[in-house]
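Asks: 3D, please:
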Amino acid sequence: MAESAAASSSSTAGSDAVAVAQSTASNWISAICVVTFDLELGQALEAIYPKNFPLSDAERMNTCYLAFPDSNSGCMGDTLLHFRVQCSGAGAGGAEDAGSLAARHEAALSPPALMYDPSCYFGYCFFRQVRDPQNKRGYFQKSVIILSHYPFISLFYQVVEMIAPEFFENGDAALEAVFHQIQQWPYPMPGHYLHLPLIGQVLQVRIPSVKDKPTTVRPPMSVAPAGIRPVALPSVYEVEFYRILQPLLPHLYLLWELVLLNEPLAVMAPNPTLCSKFVQVLVNTILPLRYGSDYRPYFTIHDTEFKDYTTRTQAPPNVILGVTNPFFTKALQHWPHVVRIDETSDPSKPLKKSATSSPGHMTDVKPGLYTRYKPFITPDRSALRAVARTPTTPRRSGDARDGHIRRLLSEVTQSFMIPLERYLATLLPYQRTITPWRQPPGLKAFNQSDFLKTLDLSGPHLTTGLKGNWTALYRRFFSTPNFQYWLRLRQLEATNKIRVLYMEAICKADVVFWMRDKTEVEIVDFVLRLNDLLYGQESRVMSPVPPRLEHALGGQMRTIMNALPEDMQALLSSLPPAATTATDS
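Replies: Coordinates of the predicted model:
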């Protein structure tokens, strides 16, 4: 099985492997793997479905090692965790074609933090370890892993928790049946409520949309098919904020700053479940902003990038790293920020912040936050106390406090980002400067100094009561991957908006009147420009053209072409979409 999953080294075989991956993978998941412990090989890939799914050697090795706990943490019974690995093989991208119409619709509607990510696999793992006298090691050890390009944490925890016991009971046939079911699921389009049938049940989910607001009242779910028990998931991606962060609640704003600025941050936890969830919670503290650096909810000493992250010859990378092996206490001693958590700690007693950068030199390593970082923002102690006083019920204590923390963090993130959004809006060209007969002006460059001058009148102080040196925080933010990712995304959105305004201007134009004094060369050049606008390379990465505009632009093209000589009409009709000539440049 392991051999069949290896990626080919040749470019031809690599192209074939991409075709295999795209033709067999689901919209939701790329593959389902089974990892076992082999006495001679160690952790090994026992099975993968689809059987010919092309994992590279690095992807396969990392998946195998991340599927088992990396320390003697006593993980008896069943353990859930998730990890994240960089894609390097021919299967990178899976079934999703970035240029497909559905994919571009999804990208336009999906919150940035929840977008399909072709650069990495999220691994959702169910590990089982039980005593087995018939096994030479004395234990049965095996993991079932779902590989997906989506960060739908809570959804896939639920899915793997359902399918793993089914596999342990019925073997490989269960994987094939499950994968076939998931292939039939409707496309994960943002803003839609979906019914996802799985092993005799129906998961009821809603895919978040970029248009969602925290106060939005969502309509009720539609009724599940008769005779099938529904399992309603309140979220496809959220994890328990309050339970995870409660010991570090007094340092919530400091953690928010560290994540916002992409600071190197190590999380040392006693087991993979708590480790991976804690890292995910940290990444989610800056929602709706997308975390722009790499992060590893679970990381082991066997990872192919272990040396890169533990070397002392260079500064630690901008990564959030989750580990459980005690070896990392020394290996990450040079990291500037370390969170050490302990399951046995009383969650009602806050963990302390230490002014040392790492617990590595300490004989008695205690839970806490180890950093010399001096925050720019003064924490709102009253808001943090209000979280602990949130009214709860025995059934919904976690939900209420989770919601309170999420709102608190979302408000500070949005207060920080709103001035940036306002300034970016001023960089768009005036609509009156966009005419049909020449290429539209582009977005002006982002000028950091000009932006900082706007803070006195439109800074975060208008929307939040938090005090601090906001200007210094923005200066640090400008050099981070988070800012670079946000800026690239907003520039792409702005370019698309300009493109749509340009299309609307063309649709409203009187092309018959315009053609009266134009040469044939000028008219043909304009036809080619319209063709490129609708079908060119740029159109494949932009948001889809609204149907009304596509229809109207097509009408304008036909009107212009009908005015050309028949031989030229025939020539233009025979050209492929997005044909370009030197006159376009």
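
Asks: drop to CA atoms for contacts and neighbour counts, all remaining ones
Replies: OK.

Asks: In three-state terms, label Tyr423 for me.
Replies: Per DSSP: H, G, I helix; E, B strand; the rest coil, the secondary structure class of Tyr423 is helix.

Asks: The spatially closest residue to it that is not a sequence neighbour - how many residues pack around it?
Replies: Spatial nearest neighbour of Tyr423, chain neighbours left out: Phe451 (6.4 Å); criterion: C-alpha to C-alpha, 6 or more residues apart in numbering. In terms of burial, Phe451 registers 16 neighbours under the definition other C-alpha atoms under 10 Å.

Asks: Compute the distance between Phe451 and Pro375, please.
Replies: Relative to Pro375, Phe451 is positioned 22 Å away (C-alpha to C-alpha, to the nearest Å).

Asks: And for Ile301?
Replies: For Ile301, the distance to Pro375 under the criterion C-alpha to C-alpha works out to 31 Å.

Asks: Compare those two and say which is more crowded by neighbours.
Replies: For Ile301 versus Pro375, neighbours defined as other C-alpha under 10 Å are more numerous around Ile301 (19 against 16).

Asks: Can you verify that one is assigned to a strand?
Replies: No: the assignment for Ile301 (three-state DSSP) gives coil, which keeps it out of a strand.

Asks: wait, what's in contact with it?
Replies: 70, 325 (C-alpha atoms under 8 Å, 6 or more residues apart in numbering).

Asks: For Ser143, pull up the helix or strand it's in.
Replies: Under the criterion DSSP states H and E, the helix or strand holding Ser143 is strand 139-148.

Asks: Any chance you could list what contacts that strand?
Replies: 28-37, 67-68, 121-133, 156, 160, 164.

Asks: Now the buried members of the residues you listed.
Replies: Burial by neighbour count, 16 or more other C-alpha atoms under 10 Å: within those this picks out 28-37, 67-68, 121-129, 156, 160, 164.

Asks: Filter those down to the ones in strands?
Replies: Judged by DSSP state E, the subset of the buried ones among the contacts of strand 139-148 located in strands is 31-37, 121-129.

Asks: where's the dip in pLDDT among those?
Replies: Here the lowest pLDDT out of those sits on Phe37, with 80.

Asks: I figured that one hits Ala67, correct?
Replies: No: when contacts are counted by C-alpha atoms under 8 Å, Phe37 is not listed as touching Ala67 (10.3 Å).

Asks: Quick check: what element follows the strand or helix carrying Lys497 along the chain?
Replies: Per DSSP H and E: Lys497 is located in helix 481-508. Elements were assigned by DSSP H and E; along the chain past helix 481-508, the next helix or strand is helix 511-515.

Asks: May I see the buried residues of that next one?
Replies: Val511.

Asks: cool, stretch 464-478 as well?
Replies: Residues of stretch 464-478 classed as buried by neighbour count (16+ other C-alpha under 10 Å): 470-471, 473-474, 477.

Asks: now swap in stretch 547-567 and tell me
Replies: If you call a residue buried by 16+ other C-alpha under 10 Å, then stretch 547-567 has these buried ones: 549-550, 552-553, 556-557, 560-561.

Asks: Mind checking which of those residues are in helices?
Replies: Using DSSP state H, the members of the buried residues of stretch 547-567 that fall within helices are 549-550, 552-553, 556-557, 560-561.

Asks: Which of the ones in strands among the buried ones among the contacts of strand 139-148 sits closest to Phe416?
Replies: Taking C-alpha to C-alpha as the measure, Phe416 lies nearest Phe122 of these, at 29.0 Å.

Asks: Isn't that closest one up against Tyr116?
Replies: No: in this structure Phe122 lies outside contact range of Tyr116 using C-alpha under 8 Å: 10.5 Å.

Asks: list residues touching both of these two?
Replies: By the contact definition C-alpha under 8 Å, 6+ apart, Phe122 and Tyr116 are jointly contacted by 149-151.

Asks: out of those, who has the most neighbours?
Replies: Counting neighbours by other C-alpha under 10 Å, His149 leads the shared contacts of Phe122 and Tyr116 with 26 neighbours.

Asks: For Asn278, pull up the helix or strand it's in.
Replies: For residue 278 the amino acid is Phe, not Asn. According to DSSP H and E, Phe278 maps onto helix 272-284.

Asks: roughly how far is that helix from the heart of the chain?
Replies: Put simply, helix 272-284 sits 14 Å off its chain's centre (C-alpha atoms, centre = their mean, to the nearest Å).

Asks: who touches that helix?
Replies: Identification of contacts with helix 272-284 by C-alpha under 8 Å, 6+ apart yields 69, 79-83, 239-241, 244-245, 255-256, 259, 267-269, 291, 295-298, 320-324.

Asks: tell me what the helix or strand just after that helix is packed against?
Replies: The element immediately downstream of helix 272-284 (helix or strand, assigned by DSSP H and E) is strand 295-296. Contacts of strand 295-296 with other secondary structure elements, assessed using 3 or more C-alpha pairs under 8 Å, 6 or more residues apart in numbering; DSSP states H and E, are made with strand 77-86, helix 272-284, strand 320-323.

Asks: so which of those comes closest to Ser415?
Replies: Comparing the helices and strands packed on strand 295-296 under C-alpha to C-alpha, the one sitting nearest is helix 272-284, at 16.2 Å.

Asks: what does the average pLDDT come to for the closest one?
Replies: For helix 272-284, the mean confidence score works out to 95.

Asks: now the strands for the stretch 401-550 of the chain?
Replies: All strands of the stretch 401-550 of the chain, identified by DSSP state E, counting those that start in this stretch, fall at 467-468.

Asks: farthest pair in the ones in strands among the buried ones among the contacts of strand 139-148?
Replies: Within those, Tyr121 and Gln129 form the most distant pair, 24.4 Å apart (C-alpha to C-alpha).
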